[in-house]
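Asker: Below is the structure, and that's it, no one-letter string:
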């Protein structure tokens, strides 16, 4: 580990960060929403676009935004792994820092080693790559510390390469690694001479990068069902705090101070299939946790705060009509928005009861892998081909407000970020700023 002396700073990603910022891949409240207003509804690839910037490679990572800085992770043509800082006002690249090597692409769906999204607190940005490279970089591009988790704990054994993003919470960095054990021989990206793997939740001091604790997360899942691409999610309610971990057939709540498992809930993989990995992350609201099962198995609403196995006591409702597989739901103004990206269907639910408020077809014959973004009375969804569908979140019925085809290459998997009345849309190899 390389550690440099740091000035004393105040760390911690507030669950109510400044409205103008988008510090985490799911926004300032970690639920896909923003209190921003005056966001655009209609534009084209050329009209209404303030600027566009070419990026050196494809990535599904969502930009992190603070003030006038936008941070994106990307590979380049030489398979280097980069963190790039872009000026928000004009899209010019301020700096880029090579933090790793050895990008890989896996299969027809083309995930790569730059899939995790950066996270920032306004002073430092933290970025993790699928190779295990983890770094803290200041806003001037200076590396404050760097380490490789694959060297410390073994290469990540996920079939479609590692994709979970780090979470910053109260000065600590939380990293979830739920992976296959033992490592199959065809996981060539994960082979390092040792086939044994543990799934774990890792907590680090964000200033120094030193481990605070590592909790080994047990499961009776088998084969690919052991794997997860979800991001750990903090949940505050009734004066309590929990860190949520989703995957390996279970949703679990953990003590953020120690990693101790407080409760677990099953029922997300009722068929107990062998190839049922988790992709979407949990979403929280007023003591409730919403988590979607794999491959369009039901979305469950779980009451948090239990003890032990709460599978039979704390499931409040389930939604199985058009559940998501990949897309993490958005929680906005006391409504839950669920996108079934395979069926191109968006559903608005009452998060308390699970009652359907409205449901509709996005009208685009394209798959959606990016998670929806909610703000300014609108829901923004973007397809793999870069088509943005803007839906009304202010009315009582489903309504498409606009459909906009963007360029920038395929596939597009980054969620749309929001800041200062503008949309920041990362296509495969282009970053767009839409708005005034």
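Answerer: Nice, thanks for sending it over. Treat the numbers as computed from the prediction; the structure is a model and nothing was measured.

Asker: residues in contact with residue 283?
Answerer: 31-32, 233, 289-291, 328-331, 336 (Cβ atoms under 8 Å, 6 or more residues apart in numbering). In short, each C-beta sits where N, CA and C put it, glycine included.

Asker: I meant residue 73, not that one.
Answerer: 59, 61, 81-84, 114, 116-118, 127, 129 are the contacts of residue 73 under Cβ under 8 Å, 6+ apart.

Asker: That one: helix or strand, and which one exactly?
Answerer: Residue 73 belongs to strand 69-75 when elements are defined using DSSP states H and E.

Asker: by contact count, what packs against whichever helix or strand comes after that strand?
Answerer: On the C-terminal side of strand 69-75, the closest following helix or strand by DSSP H and E is strand 80-87. Other elements packing on strand 80-87 under the criterion 3 or more Cβ pairs under 8 Å, 6 or more residues apart in numbering; DSSP states H and E are strand 69-75, strand 93-101, strand 124-128, strand 133-138.

Asker: Which parts of the stretch 101-250 of the chain are helices?
Answerer: 149-153 (DSSP state H, counting those that start in this stretch).

Asker: tally of neighbours for the closest residue to residue 39 other than its chain neighbours?
Answerer: Excluding the flanking residues, the one nearest residue 39 by Cβ to Cβ, 6 or more residues apart in numbering is residue 376, at 4.2 Å. Close neighbours of residue 376, defined as other Cβ atoms under 10 Å, add up to 18.

Asker: List phi and psi for residue 376.
Answerer: phi 50, psi 40 (degrees, to the nearest 10).

Asker: ok, now which ones touch it?
Answerer: Residue 376 neighbours (Cβ under 8 Å, 6+ apart): 36-39.

Asker: export those residues to TSV and tack on pLDDT and neighbour count?
Answerer: Output for the contacts of residue 376, formatted as TSV (pLDDT from 0 to 100; neighbours: other Cβ atoms under 10 Å):
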residue	pLDDT	neighbour count
36	96	21
37	96	11
38	96	10
39	98	21
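
Asker: and which of those is nearest to residue 302?
Answerer: residue 36 (29.3 Å; Cβ to Cβ).

Asker: surely that closest one meets residue 424?
Answerer: No - between residue 36 and residue 424 there is no contact under Cβ atoms under 8 Å: 11.3 Å.

Asker: okay, and the common contacts of these two?
Answerer: residue 418.

Asker: Turn the contacts of residue 73 into a markdown table, columns for neighbour count, pLDDT and distance to residue 69.
Answerer: Below are the contacts of residue 73 laid out as a markdown table (neighbours: other Cβ atoms under 10 Å; pLDDT from 0 to 100; distance: Cβ to Cβ, whole Å):
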| residue | neighbour count | pLDDT | distance to residue 69 |
| --- | --- | --- | --- |
| 59 | 29 | 94 | 18 |
| 61 | 27 | 97 | 15 |
| 81 | 26 | 98 | 19 |
| 82 | 22 | 98 | 15 |
| 83 | 27 | 98 | 11 |
| 84 | 23 | 98 | 11 |
| 114 | 28 | 97 | 18 |
| 116 | 26 | 98 | 18 |
| 117 | 28 | 98 | 15 |
| 118 | 27 | 98 | 11 |
| 127 | 29 | 98 | 13 |
| 129 | 31 | 98 | 20 |
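
Asker: Can I get those in JSON lines including distance to residue 356?
Answerer: Shown next, in JSON lines, are those (distance: Cβ to Cβ, whole Å):
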{"residue": "59", "distance to residue 356": "35"}
{"residue": "61", "distance to residue 356": "32"}
{"residue": "81", "distance to residue 356": "42"}
{"residue": "82", "distance to residue 356": "43"}
{"residue": "83", "distance to residue 356": "41"}
{"residue": "84", "distance to residue 356": "41"}
{"residue": "114", "distance to residue 356": "37"}
{"residue": "116", "distance to residue 356": "33"}
{"residue": "117", "distance to residue 356": "30"}
{"residue": "118", "distance to residue 356": "35"}
{"residue": "127", "distance to residue 356": "38"}
{"residue": "129", "distance to residue 356": "40"}
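
Asker: tell me how far the strand holding residue 73 is from the chain's mean position?
Answerer: 15 Å (Cα atoms, centre = their mean, to the nearest Å).

Asker: So for that strand, mean pLDDT?
Answerer: What strand 69-75 shows for mean pLDDT is 98.

Asker: What's opposite residue 234 in the beta bridge?
Answerer: residue 243 (DSSP bridges).

Asker: Next up, the contacts around it.
Answerer: Taking Cβ under 8 Å, 6+ apart, one finds 15, 30, 167, 169, 174, 241-244, 256 in contact with residue 234.

Asker: picking that back up, list just the nearest of the contacts of residue 73 to residue 384.
Answerer: Using Cβ to Cβ, the contacts of residue 73 come closest to residue 384 at residue 59, 13.7 Å.
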